[in-house]
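Trainee: Fold the following.
(2 chains)
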Protein chains: 2
Amino acid sequence: MASVIQKNLVEKNAEYANQFTQGHLALPPAKQYLVLTCMDARIDPAAAFGIDLGDAHVIRNAGASARDAQRSIIISEQLLGTKEIILVKHTGCGMLTFSNEDAHGLVKKNLGPSASAEIATLDFLTFGDLEGAVRDDVGFLKKSATVPDDVTVSGWVYEVETGKARQVV
Amino acid sequence: MASVIQKNLVEKNAEYANQFTQGHLALPPAKQYLVLTCMDARIDPAAAFGIDLGDAHVIRNAGASARDAQRSIIISEQLLGTKEIILVKHTGCGMLTFSNEDAHGLVKKNLGPSASAEIATLDFLTFGDLEGAVRDDVGFLKKSATVPDDVTVSGWVYEVETGKARQVV
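Mentor: Numbers count the residues shown, from 1 in each chain, chains lettered A, B, ... in the order given. As a prediction, the model looks like this:
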């Protein structure tokens, strides 16, 4: 039986598909860039960062981690031709509120030893300082041999309280 | 100097922030679910899947890979209280068009041996069959000890040609 969440998807998607006119868009992003941001529920990248459908890859994970996104970034650049990376972390991020040890402890306590063993080597990639983490991730990308020097990389902070984005680096 | 892409972000974000009224939203997703979908430029999850701001985590990577998203999924569930996973892959996905070996070969050819060595153990997580990959990823999540049995998991295909989403499993 469909859940409330699934029913909502079906209903809203029917309205969306009914008005959909962009079935002609090509696979490679038209504006040849990618946005890497957080999975946070308070961020709508298309609206907040002005991304029209078909223009850019959007990668999202917990904390907008560049290390965690490496596979997707390489595919975006090497196979689909993107030339610019916009990395956006945000105020009030969950990753500022716990440590790697906290997360492993929670998994062990809530899910037991087999779950804990399954992710024994996982780094949750938390961070303690927002702007520092933006600089660190941009540095990681610029230093990585998988990101060629002709790829433009910038780092930003989005404020969930105001809707404003500002460039950090 | 700001790139064309960066200028676009600044201009569009100023308009967005100017009309922004949702600075009060809480960190945990209000509807306690997460959507995992592809980074593909032709997908706007909020519009296509009916996600209002603040309602759900949105995780995006190349191919909507559940394995690649494991860190984010655990954080979403264990630290931020989500109870349902909606996994959406899509027609025309780039991950259907190359193999892991192709990707490693391209990196070596285009970026050289140091880049190739940096990602020697990376699995690009490509797939050959779309619905099969949806089933496989849903199976991976249901089998994982890190996803408790009371978390609802469903798998969907989104058609970039029509804007329609349909449930597979």
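Trainee: Chain A: strands as residue ranges?
Mentor: Remark: strands assigned in chain A by DSSP state E are A:33-38, A:56-61, A:84-90, A:152-158, A:165-167.
Trainee: With only the CA atoms kept, save the third one in CSV.
Mentor: In CSV, the C-alpha atoms belonging to strand A:84-90 read as follows (Å, rounded to 0.1, in the frame of the first residue of the first chain):
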residue,chain,number,x,y,z
GLU,A,84,33.2,24.7,-13.2
ILE,A,85,32.4,23.7,-9.7
ILE,A,86,30.2,25.7,-7.3
LEU,A,87,30.5,24.3,-3.8
VAL,A,88,27.9,25.6,-1.3
LYS,A,89,27.8,24.7,2.4
HIS,A,90,25.2,26.4,4.7
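Trainee: And the pLDDT for residue A:78?
Mentor: On pLDDT, residue A:78 comes in at 95.
Trainee: leaving aside the residues next to it on the chain, what's closest to it?
Mentor: residue B:106 (5.0 Å; C-beta to C-beta, 6 or more residues apart in numbering or on different chains). C-beta: built from backbone N, CA, C; applies to glycine.
Trainee: What distance do you get for that neighbour to residue B:100?
Mentor: Here residue B:106 is placed at a distance of 11 Å from residue B:100 (C-beta to C-beta, to the nearest Å).
Trainee: which of these two has more neighbours?
Mentor: Between residue B:106 and residue B:100, counted using other C-beta atoms under 10 Å in any protein chain shown, the more crowded position is residue B:106 (17 against 12).
Trainee: wait, that one sits on residue A:79?
Mentor: Yes: between residue B:106 and residue A:79 there is a contact under C-beta atoms under 8 Å: 6.8 Å.
Trainee: So which residue is smack in the middle of chain A?
Mentor: Nearest to the geometric centre of chain A sits residue A:60, at 1.9 Å (C-alpha atoms, centre = their mean).
Trainee: Correct me if wrong: that residue contacts residue A:44.
Mentor: No: in this structure residue A:60 lies outside contact range of residue A:44 using C-beta under 8 Å: 11.0 Å.
Trainee: Does residue A:95 touch residue A:62 like I think?
Mentor: Yes: in this structure, residue A:95 is within contact of residue A:62 by C-beta under 8 Å, at 6.1 Å.
Trainee: shared neighbours of those two, which are they?
Mentor: Here residue A:95 and residue A:62 have A:38, A:124-125, B:75 as joint contacts, going by C-beta atoms under 8 Å, 6 or more residues apart in numbering or on different chains.
Trainee: quick one: residue A:136 and residue A:87, what's the gap?
Mentor: For residue A:136, the distance to residue A:87 equals 11 Å [C-beta to C-beta].
Trainee: more crowded one of the two?
Mentor: residue A:87 (26 against 15).
Trainee: how about residue A:64, phi and psi?
Mentor: Per-residue torsions, residue A:64: phi 60, psi 50 (degrees, to the nearest 10).
Trainee: Quick one: neighbours of it, just the number.
Mentor: Residue A:64: 29 neighbours (other C-beta under 10 Å).
Trainee: excluding its backbone neighbours, what's nearest residue A:92?
Mentor: residue A:160 is the one closest to residue A:92 (C-beta to C-beta, 6+ apart), at 5.1 Å.
Trainee: Pull the distance from stretch A:50-65 to the chain's centre.
Mentor: Relative to its chain's centre, stretch A:50-65 lies at 6 Å (C-alpha atoms, centre = their mean, to the nearest Å).
Trainee: For that stretch, the averaged confidence score.
Mentor: 98.
Trainee: Over to stretch A:150-162?
Mentor: 98.
Trainee: Could I get the CA-only coordinates of that stretch as CSV?
Mentor: Once non-C-alpha atoms are left out, stretch A:150-162 reads as follows in CSV (Å, rounded to 0.1, in the frame of the first residue of the first chain):
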residue,chain,number,x,y,z
ASP,A,150,41.2,24.7,-16.1
VAL,A,151,38.2,23.8,-13.9
THR,A,152,37.0,26.9,-12.0
VAL,A,153,36.2,26.1,-8.3
SER,A,154,34.5,28.5,-5.9
GLY,A,155,33.2,28.0,-2.4
TRP,A,156,30.1,29.6,-0.9
VAL,A,157,27.9,29.8,2.2
TYR,A,158,24.1,29.8,2.0
GLU,A,159,22.2,31.2,4.9
VAL,A,160,19.1,29.1,5.7
GLU,A,161,17.8,32.0,7.8
THR,A,162,17.8,34.6,5.1
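Trainee: Residue A:16: neighbour count?
Mentor: The burial count for residue A:16: 17, using other C-beta under 10 Å.
Trainee: Can you read off the pLDDT for it?
Mentor: Turning to residue A:16, the model gives it a pLDDT of 98.
Trainee: now it, nearest residue through space, not along the chain?
Mentor: Nearest residue to residue A:16 in three dimensions, chain neighbours excluded: residue B:48, at 5.1 Å (C-beta to C-beta, 6+ apart).
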